[in-house]
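Engineer: kindly return the folded structure for what I paste below:
(one chain, ligands or ions: 3)
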Amino acid sequence: MKKKIALTSIFKCILLFLFIGTTVLIGNCSDYSSENSTGSLLSEPRQAGIPENTSPFSSIKKNDSVFIQNIKKHAAETKQIIVKLTAQTYSKMKIQDSQTVQAYNNALKNLNLVEKRVLQGRCRVLKMQDSNKATLYVIKELLVSKLFEYAQPDYYRHIATTPNDPSFNQLWGMQTINAPKAWDLSTGSGNVIVAVIDTGVDYNHPDLKNNMWRNPSEIAGNGIDDDGNGYVDDYYGINAITKSGNPMDDHNHGTHCSGILGAVGNNSVGVVGVNWTVHIMALKFLDSTGNGSDSDAITCVDYAIANKANVMSNSWGGTEDSPALQEAVARAQTAGLLFVVASGNSTANIDVIPFYPAAWTNENIISVASIDSNEGLSSFSNYGPRGVDVAAPGSSILSTTRNNTYGQMSGTSMACPHVAGLCALYKAKNPSVDWKAIKDRVLGMVKKTNSLNGKILTGGIINAFSTLDDSSPTPPPDPTPNPDPTPNPPAVAITAPESYSLAMGNVTITADANDAAGITRVEFFVGTTKIGESSSAPYTCTWNSATAETGLQDLTAVAYNGNGQFTTSGAVVVFVFNFPDNPIPPSPSPDPNPDPNPNPNPNPGPGPMPPFPDMPSFPPFPEWPY
Ligand SMILES: [Ca+2]
Ligand SMILES: [Ca+2]
Ligand SMILES: [Ca+2]
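Structural biologist: Numbering: from 1, shown residues only. Ligands and ions are numbered 1, 2, ... in the order given. Here you go, the predicted structure:
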């Protein structure tokens, strides 16, 4: 089992973003420009679902400027928020408990939010109606309501391509992964479904058309949602952005990735994919500039699960952690789907500077680095001895593009569908294998190279022939998968609290840590301040968050092993909400004689509070330097 370790903070992530995602086709990225902040408050301090004594609204106003100062450097503003209801809120909303429903509706109304979509797993997408408000400010207000387990920005993800270098031979990739020899054993099967979660697919391309998945429960073009799944005429897949059944590509990226894994073979046209025959499910969440939101990605993942895809190919990512998206990846594993991802194009070690989803530790993820035609890591490719599993061709790859054309693209985006395609090809030859067996086989049969040794988990390039050749057994897991001269440092990750949750009062921080040489101690940090340590599992520490600055805080754990090596965990970001100078006044005691016959239509209480004076405003952030 791989362990992926990350050392980061939102600050670093934002800086890193500047170096990520250069692409031939991406446009400017004005979605990332930030905005000024004004305050708006919940007007009713105590509603159902909001425990007593934890309603600090009365003290918010005085301290808003502190909070806004603190969050204004976090420029990754979006206009949507993903919330996860607490189990209690969820169960009460389910039975239409009027007080809880009212508390939820009031929270949305007072913060000028509308519910855009209900996701799986207690999550909902809220859209901000007031574009002058800072997303993180609204999130803080939502968390204070105690209705939600977490509330995160609905982050954008980006395609992972880079500008081309036209000097390479265009047809080297299939040779390098030994595909021609593998095609003697299998050329794929229409029984295997690969979901391409991307910018859409040109399903009319002559080299893709016959390999498109077709929704068996949907009649195309009759204007009716025949299968009742909420999408009219979703024959080839969906467009999650427009919530339509038309996943036509308006970029090129998704069409290019699709051709790599499944351009029709032996049809005398254009190129050939890793699979000559396969079913490609087109799931569009990235727009014509190559950007898409977490919530739309989640919708695509859940569509792939509901429609029984076998493998998902994901040539995109971003530097921000997203519990809601990671939970969707976990749902895919439960349903038996592999999640193949690009590792990113910032020439970075994702064990240190994470790129998600590649850096998550979910077992069903296969993350992919890119190699060039010399079988060395591509100049742009991310790597990571824990976080990146395998390498595949990604520099100057020729494949299908829109409107019956072909073109070259480069990036871990192109490496990813080589691997997703091989997973499908292996499944075609061995229909009974599950996701775990596919992953073990593909990772176990790589061609190891010196240049990748110690750089990625397997130290090798996928090998289609070895993967399909039953005469060679899967080698047992290498006891020293990373024969670096220096032994591996420990693995460590914070397991509680959750990212994007609220920290008030005493918070118990828990970390998982392990190492072959034994863990000697785990130290806990808030920002750069050490707050405690623990020398035996479970590694925990109690943090009095009242001592921290109000706003966002990074929690990290540093684990030391018997060799004196150490590793810093990925940062968990929490919202601290304490005002030591202005303590939260205790709420009045609950009514000792509650009304036995509560009014079924309770007065919604005092109307909205009069507007507060404008919060201090800040100059807009500069545009991202695309
Ligand atoms: Ca439908
Ligand atoms: Ca229809
Ligand atoms: Ca062809």
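Engineer: contacts, neighbours, all on C-alpha from now
Structural biologist: Noted.
Engineer: bridged to Ala151, which residues?
Structural biologist: Beta-bridge partners of Ala151, counted by DSSP bridges, are Val83.
Engineer: I'd say it and Tyr500 touch.
Structural biologist: Yes - the pair Ala151 / Tyr500 is scored as a contact, 5.8 Å apart, by C-alpha atoms under 8 Å.
Engineer: is stretch 276-295 up against ligand 3 anywhere?
Structural biologist: No - interface with ligand 3: stretch 276-295 contributes nothing (C-alpha under 5 Å from the ion), its closest point being 7.8 Å away.
Engineer: same check, this time on stretch 386-398
Structural biologist: No - Stretch 386-398 does not reach ligand 3 (C-alpha under 5 Å from the ion); its nearest approach is 12.0 Å.
Engineer: please save the CA atoms from that stretch in PDB.
Structural biologist: Taking C-alpha atoms only, stretch 386-398 is exported to PDB below (Å, rounded to 0.1, in the frame of the first residue of the first chain):
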ATOM      1  CA  ARG A 386       4.900   7.400  -2.900                       C
ATOM      2  CA  GLY A 387       2.300   9.500  -4.800                       C
ATOM      3  CA  VAL A 388       3.000   8.600  -8.400                       C
ATOM      4  CA  ASP A 389       2.600   5.000  -9.400                       C
ATOM      5  CA  VAL A 390       3.700   4.500 -13.000                       C
ATOM      6  CA  ALA A 391       4.900   6.300 -16.100                       C
ATOM      7  CA  ALA A 392       3.600   6.400 -19.600                       C
ATOM      8  CA  PRO A 393       4.200   8.300 -22.900                       C
ATOM      9  CA  GLY A 394       3.100  12.000 -22.600                       C
ATOM     10  CA  SER A 395       5.400  14.100 -24.700                       C
ATOM     11  CA  SER A 396       4.300  15.000 -28.200                       C
ATOM     12  CA  ILE A 397       1.500  12.400 -28.600                       C
ATOM     13  CA  LEU A 398      -0.600  12.300 -31.800                       C
END
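Engineer: report pLDDT for Val269.
Structural biologist: On pLDDT, Val269 comes in at 87.
Engineer: which of the three states applies to the nearest residue to it once chain neighbours are set aside?
Structural biologist: Leaving aside its chain neighbours, Val269 sits nearest to Asp207 (6.4 Å; criterion: C-alpha to C-alpha, 6 or more residues apart in numbering). Put simply, Asp207 is coil when judged by DSSP: H, G, I helix; E, B strand; the rest coil.
Engineer: distance check, Asp207 against Gly527.
Structural biologist: Asp207 is 52 Å from Gly527, where distance means C-alpha to C-alpha, to the nearest Å.
Engineer: which of the two has more neighbours?
Structural biologist: Neighbour count, other C-alpha atoms under 10 Å: between Asp207 and Gly527, Asp207 has more, with 29 against 16.
Engineer: contact partners for the more buried one?
Structural biologist: Asp207 is in contact with 259, 263-264, 267, 269-271, 400, 404, counting by C-alpha atoms under 8 Å, 6 or more residues apart in numbering.
Engineer: next step: those restricted to strands.
Structural biologist: Per DSSP state E, strands hold the following members of the contacts of Asp207: Thr400.
Engineer: in helices only, show me the contacts of Asp207.
Structural biologist: Using DSSP state H, the subset of these located in helices is Gly259.
Engineer: Serialize the contacts of Asp207 to CSV and add fields for distance to Tyr426 and neighbour count.
Structural biologist: CSV is the format used below for these (distance: C-alpha to C-alpha, whole Å; neighbours: other C-alpha atoms under 10 Å):
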residue, distance to Tyr426, neighbour count
Gly259, 18, 32
Ala263, 17, 33
Val264, 17, 26
Asn267, 22, 12
Val269, 24, 11
Gly270, 24, 18
Val271, 21, 21
Thr400, 23, 31
Asn404, 29, 13
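Engineer: picking up where we left off before, phi first, then psi, for the residue nearest to Val269.
Structural biologist: Dihedral pair for Asp207: phi -90, psi 0, per degrees, to the nearest 10.
Engineer: for it, give its distance to ligand 1.
Structural biologist: Per C-alpha to the ion, to the nearest Å, Asp207 is found 26 Å from ligand 1.
Engineer: follow-up on the earlier one: ok, the contacts of Asp207 vs Lys116, which is closest?
Structural biologist: Among those, Gly259 lies closest to Lys116 (C-alpha to C-alpha), at 33.4 Å.
Engineer: right, and the closest one touches Leu208 too?
Structural biologist: Yes - counting by C-alpha under 8 Å, Gly259 touches Leu208, with 6.8 Å between them.
Engineer: find residues that contact each of those two.
Structural biologist: Common contacts of Gly259 and Leu208 (C-alpha under 8 Å, 6+ apart): none found.
Engineer: what residues of the host helix or strand of Ala107 count as buried?
Structural biologist: Counting by DSSP states H and E, the element that carries Ala107 is helix 98-110. For helix 98-110, a neighbour-count test (16 or more other C-alpha atoms under 10 Å) marks 99-104, 106-108, 110 as buried.
Engineer: contacting ligand 1 as well, which ones from these?
Structural biologist: Okay, of the buried residues of helix 98-110, nothing touches ligand 1 (C-alpha under 5 Å from the ion).
Engineer: would a markdown table of these with pLDDT be doable?
Structural biologist: A markdown table is the format used below for those (pLDDT from 0 to 100):
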| residue | pLDDT |
| --- | --- |
| Gln99 | 94 |
| Thr100 | 95 |
| Val101 | 95 |
| Gln102 | 95 |
| Ala103 | 95 |
| Tyr104 | 96 |
| Asn106 | 94 |
| Ala107 | 94 |
| Leu108 | 96 |
| Asn110 | 92 |
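Engineer: now those residues in JSON lines, with distance to Ser536?
Structural biologist: Shown next, in JSON lines, are those (distance: C-alpha to C-alpha, whole Å):
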{"residue": "Gln99", "distance to Ser536": "44"}
{"residue": "Thr100", "distance to Ser536": "41"}
{"residue": "Val101", "distance to Ser536": "44"}
{"residue": "Gln102", "distance to Ser536": "45"}
{"residue": "Ala103", "distance to Ser536": "42"}
{"residue": "Tyr104", "distance to Ser536": "41"}
{"residue": "Asn106", "distance to Ser536": "45"}
{"residue": "Ala107", "distance to Ser536": "42"}
{"residue": "Leu108", "distance to Ser536": "44"}
{"residue": "Asn110", "distance to Ser536": "46"}
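Engineer: make CSV from these and add distance to ligand 3 to it.
Structural biologist: Listed next are those as CSV, based on distance: C-alpha to the ion, whole Å:
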residue, distance to ligand 3
Gln99, 60
Thr100, 57
Val101, 55
Gln102, 57
Ala103, 57
Tyr104, 53
Asn106, 56
Ala107, 54
Leu108, 51
Asn110, 56
